[in-house]
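A.B. asks: no sequence for this one, just the structure:
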Ligand SMILES: [Fe+2]
């Protein structure tokens, strides 16, 4: 059995994996899956996989999911290009805490992001917020309160405004609102997480009078610095996260940056 080398971040928000993904073995993939379930986000430094190798690696984790808002890469239909130019103004794509496509009935379980071109170090980081830790830190009273509640998730939530620039040049004709309801508490390998995407949640089912207060409380609790980690990209790096146990957010920056995104179901 070929074990993999790994090291969790100091605050256990994610985990670095030191294995060359070009030659990754089946038993190593199984180890990676366990670590992904445990830590929520994995960071693979300096991998430099070509698109075929990248797609091949992602296929170990599920079937490719279609992103309704953008057209895929012209040669690789499973890859979506997230690009920002030095001359672009306005918010970065995905700026603001969210979990990917949570307005869909079956949101993608995992997201992969690969750095193709990055601005200077310290710019264009991605923030991750571990929702296992966020759930554990809730009071018993709030845990009980949200246990059976469902959130209303909308494609027109707060994060929609950060999509405009990308949609102007790569967008599909998808303009109508997509909405779904999901349980605010989800479970992975027996551990509970808060599933409430601040970028998409617009209400809570059957809780009209208190919903705003609860959403606002959860939204600020979920991104407490104790559960957060800022990942700095270098060309060739890959991050892989579970959309049910992590929130993430792009940060504001000016510069040229190009990322390849794959989501799987
Ligand atoms: Fe995202």
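C.D. replies: Everything's here; your move. From a predicted model like this one, the values you see are computed outputs, not experimental measurements.

A.B. asks: ok, for the residue in the stretch 51-200 of the chain positioned nearest to the ion, nearest residue in space, not its chain neighbours?
C.D. replies: Nearest to the ion, among the residues of the stretch 51-200 of the chain, is residue 94, at 4.0 Å (C-beta to the ion). C-betas here are computed from N, CA, C, even on glycine. Closest residue to residue 94 apart from its sequence neighbours, by C-beta to C-beta, 6 or more residues apart in numbering: residue 250 at 4.1 Å.

A.B. asks: wait, doesn't the one you found sit right on residue 159?
C.D. replies: No. Checked against C-beta atoms under 8 Å, the pair residue 250 and residue 159 is beyond contact range at 9.8 Å.

A.B. asks: okay, those two: which has more neighbours?
C.D. replies: Higher neighbour count among residue 250 and residue 159: residue 159, with 26 against 23, using other C-beta atoms under 10 Å.

A.B. asks: so who does that one touch?
C.D. replies: Shown in contact with residue 159 (C-beta atoms under 8 Å, 6 or more residues apart in numbering): 94-96, 98, 197, 199-200.

A.B. asks: Equivalent analysis for residue 38, please.
C.D. replies: Applying C-beta under 8 Å, 6+ apart to residue 38 gives the contacts 15, 189.

A.B. asks: That one sits in which helix or strand?
C.D. replies: Using DSSP states H and E, residue 38 maps to helix 26-39.

A.B. asks: again, but for residue 240
C.D. replies: Secondary structure from DSSP H and E places residue 240 in strand 238-242.

A.B. asks: same check, this time on residue 83
C.D. replies: Taking DSSP H and E as the criterion, residue 83 maps to strand 80-84.

A.B. asks: what about the following helix or strand past that strand, near the ion?
C.D. replies: Scanning forward in sequence from strand 80-84 by DSSP H and E, the next helix or strand is strand 110-117. No. Taking C-beta under 5 Å from the ion as the criterion, strand 110-117 and the ion are apart, separated by no less than 6.5 Å.

A.B. asks: Strand 110-117 to strand 80-84, inter-axis angle?
C.D. replies: 50 degrees (axes from the mean of the first three to the mean of the last three C-alpha atoms, to 10 degrees).

A.B. asks: which residues are in contact with the helix or strand following strand 110-117?
C.D. replies: Of the helices and strands lying after strand 110-117 in sequence (DSSP H and E), the nearest is strand 126-130. By C-beta under 8 Å, 6+ apart, the residues outside strand 126-130 that reach it are 12-14, 39-41, 97, 113, 222-224, 227-231, 233, 239, 241, 245-251.

A.B. asks: Just give me how far strand 126-130 sits from the chain centre.
C.D. replies: Strand 126-130 has its C-alpha centroid displaced from the chain centroid by 8 Å (C-alpha atoms, centre = their mean, to the nearest Å).

A.B. asks: repeat for stretch 20-36
C.D. replies: Relative to the mean C-alpha coordinate of its chain, stretch 20-36 is positioned 20 Å out (C-alpha atoms, centre = their mean).

A.B. asks: got the buried residues for it?
C.D. replies: Buried positions in stretch 20-36, judged by neighbour count with 16 or more other C-beta atoms under 10 Å: 21, 24, 28-29, 31-32, 35-36.
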